[in-house]
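K.L.:
My questions are about this predicted structure, shown below with the sequence.
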Amino acid sequence: MKKILQKIAKKSPWLYRINAGSCNGCDVELATTACIPRYDVERLGCKYCGSPKHADIVLITGPLTARVKEKVLRLYEEIPEPKVTVAIGVCPISGGVFRDSYAITGPIDNFIPVDVNVPGCPPRPQAIIDGIIEAIKIWETRL
Amino acid sequence: MSSFLKIALRNLFKSPTTDPYPFGETFVPKGLRGKAKYNAGACIACRMCEHVCAGGAIQIREVADKSGLEFILWHNTCTFCGLCEYYCPTKAIRLTEDYHTAHRQEDKYRYVEKGFIKYVNCAGCGTPMVPISPELLQRAYENVNKEIEILRHLCPKCRQKRALR
C-alpha cells in the first residue's frame, strides 16, 4: 500500500508559497506561472495549496526581513517531512540588493535548508518551472 | 450569457495557448536581460561595472601571484539591471538572452561568470600593466595609425615621456 502511495504521490507534489518579506515581484511571477494558462505549472501535477500542512514543495521569496523571520520559521516547521525548499529570486539566496541591511536577517539558507535556487530579479516563469522540475526530481528521491 | 457561449465555442476550435516549455520549444522576448557574459579580451579593467553594480555582484581583483586581474560575477546576486553593460566603455560585459538560472544548492557559490586579464609588460620599461584592448582604441581614435599602435604597448609613464620628446 505504501509503495503504491509513493508511486502516486510522485506525480502530484503540492506547492506552498512563503513570502519572507518579498517586494512582490517574485510573487507576481509565481502567480503568473500558476494562474496564467500560458505558463501553466499544473501540467506538471503541481497544485498550490493554502495550508502548510498539505505542502510538499515550499517556494520562498524575499530576503527574510527581521520582522517576518520568526513567523517564517514557525510556518516552515509546520510543513511535514519530506519537503523540498526552492528559493525564488536573488533575495532569499544572497540578500540581493538588500544584502548587509540591518532590516534583513537572511540569506535564507542560514536558517532553512534550501535545495534549489532560482536567481533572477524576478526570474522568468520558465526559469521558475525549471526550478520546480528540479525540486520534483529531489522530492522523488526523498519519498 | 450568449456572448460567453460564443467565446467558449470559439475556444473549442482553437489550439491551446499554453507555452509548451518544459516539453517543447519556448520563446524569448527580444532584448530580454538575462545572465551576463564577460569578454576578458575587450576589458580594460576600469572597474566601472564594479562601481555601478546594484547588487554588488561584480568583483575585479588581483590574483595572488600578481600575474593579472580576475573578474568574478556572481549570478546569485545579479539583478539583471544592465547598468554594467550600459556603462562599460568597451562593451566587454553584455547581458545575454539566457535566463535559465535554476540550479541546486551545492552549486550556489560556483554559479559565477569568470574572466582573467593577464598583465602585459610595458615595451619601454617592462613594468606589468593591463593590456589596452583594440575595442578601446576603436572608441578613442577614428583610425588607428602606426604611432598609436606603438603607444598602445607602453605604460602611462613611458607614454608621457614619448609624447614629450
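P.N.:
Done, it's in. Everything numeric here is computed off the predicted structure, so don't read it as measured data. Numbering: from 1, shown residues only, chains lettered A, B, ... in the order given.
K.L.:
tell me, what residue is most central in chain B?
P.N.:
B:Ile93 (1.8 Å; CA atoms, centre = their mean).
K.L.:
can you check chain A too?
P.N.:
Short answer for chain A (CA atoms, centre = their mean): A:Leu59, at 0.9 Å.
K.L.:
ok, what's across the strand from that one?
P.N.:
A:Arg17, A:Val86 (DSSP bridges).
K.L.:
Isn't it up against A:Arg17?
P.N.:
Yes: look at A:Leu59 against A:Arg17 with CB atoms under 8 Å: they come within range, at 4.8 Å. Every residue, glycine included, has its C-beta placed from N, CA and C.
K.L.:
what touches both of these two?
P.N.:
Counting by CB atoms under 8 Å, 6 or more residues apart in numbering or on different chains, the shared contacts of A:Leu59 and A:Arg17 are A:Leu30.
K.L.:
so A:Pro80 sits right up against A:Ser51, yeah?
P.N.:
No: A:Pro80 is beyond contact range of A:Ser51, at 10.7 Å (criterion: CB under 8 Å).
K.L.:
Tell me where chain A has helices.
P.N.:
Along chain A, counting by DSSP state H, helices occupy A:2-9, A:25-35, A:69-78, A:90-94, A:125-142.
K.L.:
just those helices: most buried one?
P.N.:
helix A:90-94 (a mean of 30; mean count of other CB atoms under 10 Å in any protein chain shown).
K.L.:
pLDDT score for the residue nearest to the centre of chain A?
P.N.:
If you check A:Leu59, the pLDDT there is 92.
K.L.:
In contact with it, which residues?
P.N.:
Contacts of A:Leu59 (CB under 8 Å, 6+ apart): A:15-18, A:30, A:86, A:88, A:132.
K.L.:
near chain B, which residues of chain A show up?
P.N.:
A:37-40, A:43-44, A:90, A:93-97, A:99, A:109, A:113-121, A:123-124, A:126-131, A:133-134, A:138 (CB under 8 Å from any CB of the partner chain).
K.L.:
Next up, the contacts around A:Ser129.
P.N.:
Not quite, residue A:129 is Ile, not Ser. With CB under 8 Å, 6+ apart, A:Ile129 has these contacts: A:33, A:39, A:41, A:44, B:21-22.
K.L.:
Alright, I will stop here.
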